[in-house]
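> quick one, structure for this:
(4 chains)
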There are 2 protein chains.
Amino acid sequence: METYEYDKRKCPTHASGEQCAKLLFPVKDALDVLSGKWKLQIILSLSFGKKRFKQIQREIPGLTPKVLSKELKDLEMNELVERHVYDTLPVSIEYELTNYGTTIKPLLGELHKWGSKHRKRIIARNGRKN
Amino acid sequence: METYEYDKRKCPTHASGEQCAKLLFPVKDALDVLSGKWKLQIILSLSFGKKRFKQIQREIPGLTPKVLSKELKDLEMNELVERHVYDTLPVSIEYELTNYGTTIKPLLGELHKWGSKHRKRIIARNGRKN
DNA sequence: GAAACCGCTATACTTTAGGAAACCACTATA
DNA sequence: TATAGTGGTTTCCTAAAGTATAGCGGTTTC
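Predicted structure coming up:
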């Protein structure tokens, strides 16, 4: 008969626990700023150059003006995006990644890479959808 | 998974628009699976080796059993995590990253890197917190 | 002069994510 | 016998996210 002893041997208390905790904090911080359905998509869109409100909205399907407006404000607050107001008539407005914002590109690159592989995997599994 | 239709008519001026749309698709797919407050943290925790339920819960502060239970199911469904049941008394259970799950590590690495820089930035800005 | 662009905001509603607490059957430890 | 640990589930609840639709003050295009 096997007891907890057995399984403690198989699952010793992990030396990694503390180390893991340390890595966890920065990941959490990043997630605080970037998580959600839209922010990374918006940043990706802006990584091609500055864009106007409607332009972003058109490029990201399903994104409503209310949500876009809010997300842009969040990104501005975190200094990832800048809002430029040009003195035309009527005023035209553009959103642009800050220098800091561009530091997310490598992360976005990885996300894209993984997403591509994942997509293929799903399509293969489902026997083609769209 | 949905089809992304990029409307050329509506965005004629922007050459990058179409290219952007193509990149957006995989990013969306990745986000579908990974977004949320906990999944990447759980994957990070498991990237140090297989762990038991309570062990994961202890390592990730604020994570309640209900949420952990749900997230693990989601991750299992997406074949990122495997659940092993060992025939002990009482049964002991371990969660482990699948091979596929480990393909997220590079992404996690970038997230951690960016998160670290971001953390420093915030602390500098706020004049030291915690 | 109508329609359609621009950059949003307002209102109202539904859905989902996540949190708090209790609880279950079981085993081990003191 | 009491307490704590195991791997969760159940219930109830709130806050945030998202959806839908309309509107405003302006301009440019047909």
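> list the contacts of the spatially most central residue of chain A.
When chain A is reduced to its mean C-alpha position, the closest residue under CA atoms, centre = their mean turns out to be residue A:40, at 3.4 Å. By CB atoms under 8 Å, 6 or more residues apart in numbering or on different chains, the contact set of residue A:40 is A:34, A:104, A:108, A:111, B:27, B:31. No exception for glycine: its C-beta is placed from N, CA and C like everyone else's.
> now residue A:110
Residue A:110 neighbours (CB under 8 Å, 6+ apart): B:106-107, B:109-110.
> just to revisit the earlier point, any part of the helix or strand containing the residue nearest to the centre of chain A near DNA strand C?
Here residue A:40 sits within helix A:39-46, counting by DSSP states H and E. No - judged by CB under 7 Å from any atom of the strand, helix A:39-46 makes no contact with DNA strand C; its nearest approach is 12.9 Å.
> measure residue A:48 to chain B for me?
Residue A:48 is 4 Å from chain B, where distance means CB to the nearest CB, to the nearest Å.
> also residue A:87?
21 Å.
> thinking again about what came up before, between the contacts of residue A:40, which sits nearest DNA strand C?
The nearest member of the contacts of residue A:40 to DNA strand C, counting by CB to the nearest atom of the strand, is residue B:31 at 11.6 Å.
> thinking the closest one is in contact with residue A:41, fair?
Yes - contact criterion CB atoms under 8 Å: residue B:31 and residue A:41 qualify, at 7.4 Å.
> mean confidence (pLDDT) on the following helix or strand past the helix holding residue A:40, please.
On the C-terminal side of helix A:39-46, the nearest following helix or strand under DSSP H and E is helix A:53-59. Averaging pLDDT along helix A:53-59 gives 95.
> quick check: angle from the helix or strand just after helix A:53-59 to helix A:39-46?
Downstream of helix A:53-59, the first helix or strand assigned by DSSP H and E is helix A:65-77. Angle between the axes of helix A:65-77 and helix A:39-46 is 80 degrees (criterion: axes from the mean of the first three to the mean of the last three CA atoms, to 10 degrees).
> please see if helix A:65-77 touches DNA strand D.
Yes - using CB under 7 Å from any atom of the strand, we find that helix A:65-77 touches DNA strand D at A:65-67.
> most neighbours of all those, which one?
Neighbour counts for the residues of helix A:65-77 next to DNA strand D peak at residue A:67, which has 16 neighbours (criterion: other CB atoms under 10 Å in any protein chain shown).
> quick one: that one and residue A:38 touch, right?
Yes - the criterion here is CB under 8 Å, and residue A:67 meets it with residue A:38 at 6.4 Å.
> quick check: neighbours shared by these two?
By CB under 8 Å, 6+ apart, residue A:67 and residue A:38 have no common neighbours.
> quick revisit: between residue B:31 and residue A:41, point out the one with more neighbours.
Neighbour count, other CB under 10 Å: between residue B:31 and residue A:41, residue A:41 has more, with 24 against 19.
> show the contacting residues for that one.
A:60, A:63, B:24, B:27-28, B:31.
> alright, calling it a day.
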